[in-house]
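J.: this one's sequence-less:
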């Protein structure tokens, strides 16, 4: 699962441009499940289990990641851009990036701190004031390499550091994809449906059509969720903590979760010695928001990997949490299948 | 290997070594090795790398600072997060979620903490966190972190140097490793040429924290004249035209009350004669570089300032043009060869 995650994080796939991620996943699962690709680009896969269950259970993880899109080239050859998905200005300023499918290197430029007035030194520019510098001398030169609509990604490698931590771009939600691929390669007790969705970061669009097509009775969204267990943050504001296992949500900005499923996740975790923690803030949202209102309604659960610095070039997870997410996803899926 | 590639490799080698102010040994070692190809090299009391060549004639000092901006460890909290302060004029706006290296007993990778948009409010998105509110995540418990890291250790911004379009390079620490590279390249251009002066080269420490290295280095140098090579602002969106030069248009020749006018005029004349592109940078008083302290050393040292245009100063993505470094080197070499002639 860890090698799969490393591979997945090396791929670029902003919302609506998930093709590289999709091809990789198909390559991984094609010998283990029946699959199709829907009109929006979701992968919908059916995995035959040992038994055919009462209920249809769908597991979902999104393939897309946050990034940027070039929307203008200035006369002097600088690229203006806007974000695809939510990214804070704080993590964009001064960062190295890649532009377009040719991976042209660039940097998000900044006015030198020396030229700022003292009250400006901690003011972050808005994304609309920022620009990418690829070193071109003018617009014509830039246009040889860049087209409007080109996608932009942070330049950021995958590496392990500290005591079992991983830093990478796009762990949200390649971690979920890695868990689902691993489950497809395993031998589940019951038939399961899988959706690798597109365009989560721009409004849960892939999940809406995938859930419609699969028409599940139950759904489990496998995500990376925001952990704020950092210096100076205490209590519920930490949301969840690295090293404390799978995160289960009771509510976020898109979904009020089914309490029976929520409780069952904790019971199963306790019974099977899996580390689990509640998400202690109502914040963010994920594909569950679209899935639970699909057709006549779907009972939905979210199981997440705690992840620091989400939507930044340097997302950080703890490797051991991945195992807990995988175990809990498998157990809850089998439990719901046989409900 | 072409001259272009050689210069590029030299710069990449220099930015690849660590040398935050007061802890320059990594970068100093690389610079000293390179400098020893041309002259005898020593390290002085504060850590300046100093080389001397030539016996007779006026003493000319070539100065560029070897240190880079960074952070300094001030403590380790109960959970193992590393607390830091600035070491030099770090631009804090670019720090959130930045990859760093903590130079403890061994180098450790880390990430500067940040709060994601899901949890931030609209003020968070407009204001950069104070340096004292940030910390570095090295993925360790306090107990474990304390084995390798202690207060006073330095932190560098990490990032692979990238080649951008044309001859541009993007990397942390280009300020002022490109100045060091320009001086080394000028020495290469002077190789085998007879020079009528004594050259002292100093790669000075602690420029970013006040210029201590340049003060003591120039005191020891007995120099009559000094050329300081540093970086200055290159044009980019939002920067007033009068406060910057352009990337790729050559070294910026400084004009300021504290800088020597005759040296400027001679350099300009040589640049024109040798067909070296240059730009003029005018400052109203001091220059914010080592030139400021070198000028008043002992009974005074006539000082000129050559600045290599650079974008995004004091961020992880500083950008320069190789041609500017090469042309800076050419101008220094031509000035030294011409030194027999009187300045105007």
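T.: Happy to help now that I have it. In this text, all values refer to a predicted model and were calculated from it rather than measured experimentally.
J.: which residues of the chain fall in helices?
T.: No chain was given, so I picked chain A. A:2-9, A:19-29, A:139-145, A:171-185, A:205-214, A:259-271, A:288-291, A:319-337 (DSSP state H).
J.: should've been chain B
T.: Per DSSP H, chain B carries helices over the ranges B:3-15, B:25-35, B:142-148, B:174-190, B:212-221, B:261-273, B:291-295, B:322-337.
J.: ok, and what's touching the second one?
T.: Spelled out, it's helix B:25-35. With contact meaning C-beta atoms under 8 Å, 6 or more residues apart in numbering or on different chains, helix B:25-35 is reached by B:10, B:13-14, B:16-19, B:41, B:43, B:47, B:49, B:51, B:66-68, B:103, B:173, B:177, B:180, B:184, B:187, B:201, B:203, B:205. (C-beta placed from N, C-alpha, C; glycine too.)
J.: give the contact list for the residue in the stretch 51-200 of chain B positioned nearest to chain A.
T.: Here the residue of the stretch 51-200 of chain B nearest chain A is residue B:139; by C-beta to the nearest C-beta that distance is 1.9 Å. By C-beta under 8 Å, 6+ apart, the contact set of residue B:139 is A:161, A:162, A:163, A:164, A:165, A:316, A:318, B:110.
J.: pretty sure the last one is in contact with residue B:102, am I right?
T.: By that I understand residue B:110. Yes. Using C-beta atoms under 8 Å, residue B:110 is in contact with residue B:102, at 5.4 Å.
J.: Over to residue B:57: give its phi and psi.
T.: phi 90, psi 180 (degrees, to the nearest 10).
J.: ditto for residue B:37
T.: phi -70, psi -20.
J.: Give me the neighbour count for it.
T.: Per other C-beta atoms under 10 Å in any protein chain shown, the neighbour tally for residue B:37 reads 12.
J.: any idea how far it lies from residue B:53?
T.: 11 Å (C-beta to C-beta, to the nearest Å).
J.: How about residue B:28?
T.: Where residue B:53 is concerned, residue B:28 sits at a distance of 19 Å (C-beta to C-beta).
J.: can you check residue B:265 too?
T.: 26 Å.
J.: Would you mind splitting the chain into its domains for me?
T.: I went with chain A, as the question did not name one. A:2-65+A:169-337, A:67-154 (automatic domain parsing).
J.: Chain B was what I was after
T.: Using automatic domain parsing, chain B is parsed into the domains B:3-68+B:172-341, B:70-157.
J.: any chance of these in a markdown table, with mean pLDDT and distance to residue A:45 too?
T.: Shown next, in a markdown table, are the domains of chain B (pLDDT from 0 to 100; distance: least, C-beta to C-beta, whole Å):
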| stretch | mean pLDDT | distance to residue A:45 |
| --- | --- | --- |
| domain B:3-68+B:172-341 | 96 | 40 |
| domain B:70-157 | 94 | 29 |
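J.: wait, which of those is closest to residue A:39?
T.: Counting by C-beta to C-beta, residue A:39 lies closest to domain B:70-157 out of the domains of chain B; the figure is 29.5 Å.
J.: what's the burial count for residue B:1?
T.: Neighbour count of residue B:1, defined by other C-beta under 10 Å: 8.
J.: Could you check how far the closest residue in space to it that isn't next to it in sequence is from residue A:94?
T.: For residue B:1, ignoring the flanking residues on the chain, the nearest one in space by C-beta to C-beta, 6 or more residues apart in numbering or on different chains is residue B:9 at 7.6 Å. As judged by C-beta to C-beta, residue B:9 and residue A:94 stand 25 Å apart.
J.: which of the two has more neighbours?
T.: Comparing residue B:9 with residue A:94 by other C-beta under 10 Å, the one with more neighbours is residue A:94, at 25 against 12.
J.: list the contacts for the residue lying closest to that one once chain neighbours are set aside?
T.: Of all residues not flanking residue A:94 in the chain, residue B:94 sits nearest, at 2.8 Å (C-beta to C-beta, 6+ apart). Residue B:94 is in contact with A:93, A:94, A:95, A:110, B:315, B:316, B:317, counting by C-beta under 8 Å, 6+ apart.
J.: Same check on residue B:281?
T.: Taking C-beta under 8 Å, 6+ apart, we find residue B:281 in contact with B:232, B:245, B:252, B:253, B:254, B:255, B:305, B:307.
J.: just checking, which of those residues belong to strands?
T.: B:232, B:252, B:253, B:254, B:255, B:305, B:307 (DSSP state E).
J.: sorry, back to before: looking at the domains of chain A, which is closest to residue B:289?
T.: Nearest to residue B:289, of all the domains of chain A, is domain A:67-154, at 11.5 Å by C-beta to C-beta.
J.: Kindly check the end-to-end length of the closest one for me.
T.: Distance between the two ends of domain A:67-154: 7 Å, counting by C-alpha to C-alpha, to the nearest Å.
J.: do stretch B:228-239 as well
T.: Distance across stretch B:228-239, first residue to last, is 24 Å (C-alpha to C-alpha).
J.: Which residue comes closest to the residue of the stretch 51-200 of chain A found nearest chain B once chain neighbours are left out?
T.: Going by C-beta to the nearest C-beta, chain B is nearest to residue A:162 of the stretch 51-200 of chain A, at 1.9 Å. Nearest non-adjacent residue to residue A:162, counting by C-beta to C-beta, 6+ apart: residue B:139, 1.9 Å away.
J.: And for residue A:89?
T.: Nearest residue to residue A:89 in three dimensions, chain neighbours excluded: residue A:124, at 4.3 Å (C-beta to C-beta, 6+ apart).
J.: which residues does the one you found contact?
T.: Shown in contact with residue A:124 (C-beta under 8 Å, 6+ apart): A:89, A:90, A:93, B:93, B:125, B:126, B:127, B:128.
J.: from the contacts of residue B:281, which single one is nearest chain A?
T.: Within those, the smallest distance to chain A is 9.4 Å, found for residue B:232 (C-beta to the nearest C-beta).
J.: what sits against that closest one?
T.: By C-beta under 8 Å, 6+ apart, residue B:232 lies in contact with B:244, B:245, B:252, B:281, B:307, B:308, B:309, B:310.
J.: Likewise for residue B:144?
T.: Residue B:144 is in contact with A:163, B:80, counting by C-beta under 8 Å, 6+ apart.
J.: Let me see the ranges of the strands in the stretch 51-200 of chain A.
T.: Per DSSP state E, counting those that start in this stretch, the stretch 51-200 of chain A carries strands over the ranges A:57-62, A:67-73, A:79-84, A:96-99, A:104-108, A:132-133, A:151-154, A:159-161, A:165-168, A:192-197.
J.: What residues of the longest one count as buried?
T.: Yep, that's strand A:67-73 we're talking about. A:67, A:68, A:69, A:70, A:73 (16 or more other C-beta atoms under 10 Å in any protein chain shown).
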